[in-house]
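# Sequence plus the predicted model coming up.
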Amino acid sequence: MKIVVIGGGGLVGSRVVARLAGIGHQTVAASPRTGVNTLTGEGLAAALDGAAVLVDVSNSPSFEDDAVLRFFETSTANLLAAEAAAGVGHHVVLSVVGTERLAASGYFRAKSAQEALVAAGPIPYSVVRATQFFEFVGGIADAGTEAGTVHVPPVRIQPIAADDVAAGVSGAALGTPTNGVTEIAGPERFRLDDLVRTVLSARDDPRPVVADPRARYFGAPLDDETLVPGDDAALSETHLVDWLKESTG
């Protein structure tokens, strides 16, 4: 089966491509570097010729409010139109657990807009929402750093490894369209400040971490339920301690 992976050179996309190719599927890693531009439509028709499934794990190059909204709306509209023309039967998109609860953030408003376009579009679809990646904890720390100290709210979080996200997305691509949302998450829950503190310590990063209830998460306020999945989420197997051994060893 031919499967086109938009954002196929990225953190998750490259893993999806390798996983699907490894079990015999014809995979296309589509990105501007390979001549496929979802904002202009360049290369989409050729990439999608004969494809059964499209997987969208792309991300905006800018997180500025207007730019990120423009990226997801334009890119998704172009993908859906090209898929309809090519006869693609399944559109899989990676999103984020808690997106609907993070509307104070321009990035998450844009992800909500992306999901809405896919749901209203002509292609059977599956939305896979993942919790925050272990690999992104450093970025969370950077976003919360003020005068050398990391400020993050002491809320619950259930992070997941990028490899496990790729497994979940690949499974969705090989399954039948759900025409709805499924959630995937890691096996453990932490307080966000404890998680950040643990990862920074493992990386010998000396920044102190403060549990600050007033701190925002990429512009959005958090409570104890914002970042955690529902009871029906599929849980992965990679624990933080094992990921840290692999990533810092």
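That came in fine, so what should we check first? Residues are numbered from 1 along each chain as shown.
# In which helix or strand does Pro177 reside?
Here Pro177, judged by DSSP states H and E, is contained in no helix and no strand.
# The nearest residue to it once chain neighbours are set aside: what's it in contact with?
Using C-beta to C-beta, 6 or more residues apart in numbering and skipping the chain neighbours, the partner closest in space to Pro177 is Pro124 (3.5 Å). Backbone N, C-alpha and C define where each C-beta goes, glycine included. By C-beta atoms under 8 Å, 6 or more residues apart in numbering, the contact set of Pro124 is 89-91, 177, 179.
# Likewise for Lys2?
When contacts are counted by C-beta under 8 Å, 6+ apart, Lys2 touches 25-28, 50-53.
# now those residues: which count as buried?
25, 27-28, 51-53 (16 or more other C-beta atoms under 10 Å).
# could these go into a markdown table alongside secondary structure, pLDDT and distance to Ala162?
Shown next, in a markdown table, are the buried ones among the contacts of Lys2 (DSSP: H, G, I helix; E, B strand; the rest coil; pLDDT from 0 to 100; distance: C-beta to C-beta, whole Å):
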| residue | secondary structure | pLDDT | distance to Ala162 |
| --- | --- | --- | --- |
| His25 | coil | 98 | 20 |
| Thr27 | strand | 97 | 17 |
| Val28 | strand | 97 | 20 |
| Ala51 | coil | 98 | 24 |
| Ala52 | coil | 98 | 25 |
| Val53 | strand | 98 | 20 |
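# Can I get those residues in CSV including distance to Tyr107?
Converted to CSV, these look like this (distance: C-beta to C-beta, whole Å):
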residue, distance to Tyr107
His25, 31
Thr27, 28
Val28, 27
Ala51, 28
Ala52, 30
Val53, 26
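# pretty sure Val150 is in a strand, no?
Yes: per DSSP: H, G, I helix; E, B strand; the rest coil, Val150 lies within a strand segment.
# Would you mind confirming that it makes contact with Asp205?
No: here Val150 does not reach Asp205: they are 9.0 Å apart, not a contact under C-beta atoms under 8 Å.
# most surrounded residue in the contacts of Pro124?
Of all these, His91 has the most neighbours under the rule other C-beta atoms under 10 Å, reaching 25 neighbours.
# List the beta-bridge partners for that residue.
Leu54, Tyr125 (DSSP bridges).
# ranges for the strands of this protein?
Ranges of strands in the chain, per DSSP state E, are 2-6, 26-30, 53-56, 90-96, 125-130, 145-146, 149-152, 156-157, 181-185, 190-191, 209-211, 234-235.
# Looking at those, spot the one closest to Trp243.
In terms of C-beta to C-beta, the element of the strands of the chain nearest to Trp243 is strand 190-191, at 12.6 Å.
# Please tell me the pLDDT value assigned to the residue of the chain positioned farthest from its centre.
Here the chain reaches farthest from its C-alpha mean at Ala147, the gap being 29.3 Å by C-alpha atoms, centre = their mean. On pLDDT, Ala147 comes in at 96.
# do the same with the one 10 residues further on
Reported pLDDT at Ile157 in the predicted model: 98.
# OK, contacts around it?
By C-beta under 8 Å, 6+ apart, the contact list for Ile157 reads 131-132, 189-192, 195, 227-228.
# Write the ChimeraX selection for whichever of the residues you listed are buried.
The ChimeraX command for the buried members of those (criterion: 16+ other C-beta under 10 Å) is given here:
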select :131,132,190,191,192,195,227,228
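# Grab the two from the contacts of Ile157 that are most spread out in space.
Thr131 and Arg191 (14.2 Å).
# Stretch 227-236 spans what distance, first to last residue?
One end of stretch 227-236 to the other measures 16 Å (C-alpha to C-alpha, to the nearest Å).
# How about residues contacting it?
Contacts with stretch 227-236, where a contact means C-beta under 8 Å, 6+ apart, come from 97-98, 129, 131-132, 155-158, 160-161, 164, 167-168, 182-187, 189, 192, 217.
# List only buried entries from those residues.
Here, 16+ other C-beta under 10 Å leaves 97-98, 129, 131-132, 155-158, 160-161, 164, 167-168, 182-186, 192, 217 buried among the contacts of stretch 227-236.
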